[in-house]
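J.: Following is a predicted model, sequence given first.
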Amino acid sequence: MHLDTPPSKALIRQSALCDWLDLSRSGLDKLRKKDPTFPKPLKDGDSRQAAAFYVVAEVDAWLRSKIEARDAA
């Protein structure tokens, strides 16, 4: 999945985010634990099984900051 200019409040399911970042679910969990700057998910309920969504603009901004940090080095 590739979004050039994502809507500011668009949400993406965790499974779609894994596809977008080419990560497994456990890989995404490891990334979230390793990098505290990674955007936090929004849960659709209080249970552990509730669907997790991410704000596309937040993930896009996080990716852009990683690319800028890489290019500045």
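T.: Received it, and whenever you're ready, just let me know what you need. Quantities reported herein were computed from a predicted structural model and do not represent experimental measurements.
J.: From R70, how far out is the closest residue to L42 other than its chain neighbours?
T.: Spatial nearest neighbour of L42, excluding adjacent residues (Cβ to Cβ, 6 or more residues apart in numbering): F53 at 4.8 Å. Using the backbone N, CA and C atoms, a C-beta is placed for each residue, glycine as well. Look at F53 and R70: by Cβ to Cβ, to the nearest Å, they are 27 Å apart.
J.: if you count what's nearby, which of these two comes out ahead?
T.: F53 (17 against 8; other Cβ atoms under 10 Å).
J.: doesn't L17 make contact with Y54?
T.: Yes: counting by Cβ atoms under 8 Å, Y54 does reach L17; the two are 5.3 Å apart.
J.: which residues does the spatially most central residue of the chain contact?
T.: Centroid check for the chain by Cα atoms, centre = their mean gives V59 as the closest residue, at 4.4 Å. V59 sits next to 12, 17, 20, 39 when contact means Cβ atoms under 8 Å, 6 or more residues apart in numbering.
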